[in-house]
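Visitor: give me a 3D structure for the following:
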Amino acid sequence: CFAVSDTPGGAVHAVLKDSWQLGYPGDSAVDEISVLRRIRDRLDKAGSACMYPRISAGGTVWLRDMAVEDTSDVILGTISCYSRWTVPHGSAGASVLGLRRVHRRMVTGPIGVPLQSLESEQEVIGVLADVMRSHSEILRCAGVLHRDVSLNNVMAIRMPSGELRGMLIDYDHAIDPSSVRNQRCPGNIGTGPFMSISNLEGLDIARTAVDDWEALISLLFCLAAKSHQALEQMGTSFARVGSQGVANVKREMYSSLRSLEDTIEKHLDVSGCPNIIRLIRALYMAIFQHPKCQGTVQMMLRGSRMVDPVLRRVQYAGDIQRRCLAALETVAAEVRSMGRLSDHLALITHESASVRVTPPLPPESQSRQTLSVQLVDGTAGDEAACGSRRRSDIAGCGRPESRDRPHGSESPSPTETVCDASNAEEADEKCR
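Guide: The predicted structure follows:
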C-alpha cells in the first residue's frame, strides 16, 4: 500500500493498494473492488455514516503487449494449479476450483493509523466499538461479511473535528454470507492466529458474523499481552502446532470460564489492561456461554448422537451477534464514563492548584498582646496567685462568674463589663 495524492506535491489523502488477490473466473464474489463498490452504493443509499475504505478508483492490471490480464497463469503457466500461492488452506485445489491470483490496484480513503499506535485503553476500545458497529451495519445494509478481522486490518482515523473513528480494511476475503462458496466448504479463510475454531478446522458450515467476533477476542489477546516476549511465545506456539493444533488450543481455552481465566493469568497484563480484559470476558460470555451452545466440548447425547457446540453456534448466529455488540457497547460506554470522570478530576485538581490560598487569621486570643509581668517582690506563691488571678480576669473578657449570676439571667450589661475591666486593671496594679 502507498499513500497518494491527486497531484505531485499535493496533500496525501488516499491509499493505493497493489495486490494479488484470489479470483474465481466469471465470479466477482471475492473481488475486493466490486465488494467495496457494493458497500459504497448500499451505504450511500441507506444514508449510513459508518466508516469503511471508500473506493474512488480501481481495476485489474492489464498487460498491454500481451493483451491479457495480469494473473498467476501468466507468471506460472501450467504449474499454477500446483502452487500454494493459488490454493487457499482447506481448498480442494486450484485445478478443481479454477482459482488463480489476479493483479489488482485500487485507491481508497481515508488514511488510518495502526491500532497499536493508540495511547490508551479508552481509545482502543472506542475504535474497536466503531469498527464492529460498521461491521454489523455493512452486513445488514450491504450483505457483506468481512471474514478476516485481525490486528493489521483495524485502522484508527483522527477526524478533522478531533473525533477518533475506527475502520476495518482489506476486504479480500469478504463475501455475501448467503453465497454458495460461503455456505459449503468455505475452507480456512482469514489470518492464521485470529481465525475462529470453525475456520481453523475447516468445518463444512457457513461462516457467520460470530466467526469475526471470535477473531476479535484473539485480537484483544494480542493487545493485552504481558510483553512482546509473551506475544511472541503465543505466536510461536501457534505456528508450531499448525491450524488444527491452534484449533485444539482454542477449544481447550474456551471450554470453560475457568480455562479462560487461567489463560488470562498466564499471558495477559491484568493490571495494565483491565478494560481490555473485561471486554474479553464479556465477549466470551456472549459467544461461548450462549444458553443454546455453551463451551466448545463435544457432547454425546442419547442414541450415540454427538453434539458440537461450535456447529450449533451457526443456528444462533444472529442472537450471538446482538449479544456481542451489546457487550461491546456496554464496556465502551463504561470506559468513556471513566475517561470523562478522570478528565473532570484532572480539571478540578488543576484549578485547585492555580487558586491562591490565603492563610487564616490567627485567633483573637493569639493576636492579643501578652502583658509583661515583672516581678519585683513577693514569694513564688504570691506571684503565681497574682498571675493566675490576672489571667482569669482577662480570659473572662469582663464577664462575671457564673456563680454570681442567677441561672437563666440575661447577659451582663455594658456597665458590668466596664466595672469588671476596671477590677482587672486594679488587680494588675496590685501585682506590680
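
Visitor: now do the one helix or strand residue 135 maps to, average pLDDT.
Guide: Using DSSP states H and E, residue 135 sits in helix 121-142. Throughout helix 121-142, pLDDT has a mean value of 96.

Visitor: stretch 63-78 too?
Guide: Average pLDDT, stretch 63-78: 80.

Visitor: just to revisit the earlier point, for the helix holding residue 135, buried residues please.
Guide: 121-139, 141-142 (16 or more other CB atoms under 10 Å). The way it works is simple: take the backbone N, C-alpha and C, and place the C-beta from them, glycine included.

Visitor: ok, stretch 212-227 next?
Guide: By 16+ other CB under 10 Å, the buried positions in stretch 212-227 come out as 212-226.

Visitor: inside helices: which ones of the residues you listed?
Guide: 212-223 (DSSP state H).

Visitor: following the helix holding residue 135, which helix or strand comes up?
Guide: For helix 121-142, the succeeding helix or strand toward the C-terminus, using DSSP H and E, is strand 154-158.

Visitor: give me the number of residues near residue 313?
Guide: If you count neighbours by other CB atoms under 10 Å, residue 313 ends up with 24.

Visitor: apologies, that question was intended for residue 229.
Guide: Residues near residue 229, counting by other CB under 10 Å: 9.

Visitor: how much space separates it from residue 267?
Guide: The spacing between residue 229 and residue 267, counted by CB to CB, to the nearest Å, is 11 Å.

Visitor: equivalent analysis for residue 231, please.
Guide: Distance from residue 231 to residue 267, by CB to CB: 8 Å.

Visitor: what touches both of these two?
Guide: Common neighbours of residue 231 and residue 267, counting by CB atoms under 8 Å, 6 or more residues apart in numbering, are residue 225.

Visitor: so where is the stretch 201-350 of the chain shaky, pLDDT-wise?
Guide: 238-242, 301-304, 340-350 (pLDDT under 70).

Visitor: what segments of it are strands?
Guide: With strands called from DSSP state E, counting those that start in this stretch, the stretch 201-350 of the chain shows them at 289-290, 293-294, 299-301, 305-307.

Visitor: what's the first one packed up against?
Guide: If contacts are counted by 3 or more CB pairs under 8 Å, 6 or more residues apart in numbering; DSSP states H and E, strand 289-290 sits against helix 317-354.

Visitor: the last one too?
Guide: Using 3+ CB pairs under 8 Å, 6+ apart as the contact test, the elements touching strand 305-307 are strand 299-301.

Visitor: surely residue 207 and residue 187 touch.
Guide: No. Counting by CB atoms under 8 Å, residue 207 stays clear of residue 187, with 9.6 Å between them.

Visitor: out of those two, which sits in the busier spot?
Guide: A direct count of neighbours by other CB under 10 Å for residue 207 and residue 187 places residue 207 higher, at 26 against 17.

Visitor: the more buried one: what's it in contact with?
Guide: Per CB under 8 Å, 6+ apart, neighbours of residue 207: 145, 147, 177, 182, 186, 189, 196, 198-199.

Visitor: at 7 Å what do you get?
Guide: 145, 147, 182, 186, 189, 199 (CB atoms under 7 Å, 6 or more residues apart in numbering).
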